[in-house]
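Enquirer: the sequence and its predicted three-dimensional model are supplied below.
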Amino acid sequence: MIELHDVSIAYGGRDVVRGVSLSVAAGEAFGLVGESGSGKSTILRAIAGLAPPRAGHIRLAGQEMPRRRTRAQRMLAQMVFQDPYGSLHPAQLVDQSLQDPVAIQRLDDGEGRIARALAEVGLGPAQRFRFPHQLSGGQRQRVAIARALILAPPVLLLDEPTSALDVSVQAAILNLLDRLRRERGLTLLLVSHDLAVVAHLCARIAVMTEGEIVETTTAAHLAAGEVTHPYTRALLEANRF
C-alpha cells in the first residue's frame, strides 16, 4: 500500500532525508521511530504530498505519486497531526472542521459521512457543535481522526498522535486506531520517538537517525533487545523499553 524507493527530501538545499526505502503492506501498522530532527515527520509529509521528494519514488496503492497530485490521489492518504488543538481551527465549531474536507473534495452525503466518522471515534452530537477549547485533549484528537476518516482514505499517516496527550489517554487513542485499522482495513504509518507507543500498535518498526533508516526490526525483537545497530541500542536504553 505504501512504497518508498530511494527517497531523498531537501529543505533549503540540504538533504534532510537521504535514500529512504520502505514498504508497508495493505492493512499493516508500521512504525517509524527516531529522535527529533531525524527526518521521520518529513517522510510523512512527503507521502501526503506536502514535501515533494528531490529524488526517488513514492507509490500509494500501486500508483506512482507525481509532484502535483489529482484529487483522487490526494484522498489516498490523510494525516493526523501531533497537536490536536493546533490542527483544529480554534474559532470553528467541530462541525465546520468536519464539513471542510467534504466541501473541498466535493463529496456526496456529507451529513452521513460526518455522523459515521464521529460515531466511529466515540463522539456524538454533543461534541459536534462545540469549539475545540471546550473538548478534552483526547476528544480533540478523536475529532482530528474523524476528520481524516471522512475522506475514507486507505492510508492514515500518524505524526506523534499521542505525544500531546496525558498518559492515561494515550492507550485509549492507540486502541481506537488499532480498532479502526482492523474494521476499515486501514494501513497505518505511525511516527514517534516513543518506542513503547510504536510497539503498542505496530508489529514492524524502522529506526531513523540523521535522515536515514538504519535498521528495520519488529516489536518482538525490540522487546527482547535483539537489535543490531548501535543507534537502535541507544534508543532502547533511552526509552527503557
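Expert: Good, I have the coordinates.

Enquirer: ok, for the most centrally placed residue in the chain, nearest residue in space, not its chain neighbours?
Expert: Centroid-nearest residue in the chain: residue 158, 1.5 Å away (criterion: CA atoms, centre = their mean). Counting by CB to CB, 6 or more residues apart in numbering, residue 190 is the residue found nearest to residue 158 once chain neighbours are left out, at 4.5 Å. Every C-beta, even on glycine, is put in place using the N, C-alpha and C of the backbone.

Enquirer: residue 239 too?
Expert: The nearest residue in space to residue 239 (CB to CB, 6+ apart) is residue 195, at 4.3 Å.

Enquirer: any idea how far the one you found lies from residue 29?
Expert: Per CB to CB, to the nearest Å, residue 195 is found 14 Å from residue 29.

Enquirer: next secondary structure after the helix or strand bottoming out on mean pLDDT in the chain?
Expert: Least confident element among the helices and strands of the chain, by mean pLDDT, DSSP states H and E: helix 84-87 (a mean of 82). Next helix or strand after helix 84-87 toward the C-terminus (DSSP states H and E): helix 94-104.

Enquirer: give the other helices and strands that whichever helix or strand comes after that next one contacts.
Expert: As assigned by DSSP H and E, the chain's next helix or strand after helix 94-104 is helix 110-120. Here helix 110-120 touches helix 94-104, helix 125-128, helix 137-149, going by 3 or more CB pairs under 8 Å, 6 or more residues apart in numbering; DSSP states H and E.

Enquirer: returning to what we had before: quick check: the residue nearest to the centre of the chain touching residue 177?
Expert: Yes: look at residue 158 against residue 177 with CB atoms under 8 Å: they come within range, at 7.0 Å.

Enquirer: who touches both of those two?
Expert: Here residue 158 and residue 177 have 188, 190 as joint contacts, going by CB atoms under 8 Å, 6 or more residues apart in numbering.

Enquirer: follow-up on the earlier one: ok, residue 195 and residue 29, which is more surrounded?
Expert: residue 29 (25 against 22; other CB atoms under 10 Å).

Enquirer: counting neighbours, what do you get for the closest residue to that one other than its chain neighbours?
Expert: Spatially, and ignoring its direct neighbours in sequence, residue 29 is nearest to residue 188 (4.2 Å; CB to CB, 6+ apart). For residue 188, the neighbour count with other CB under 10 Å is 24.
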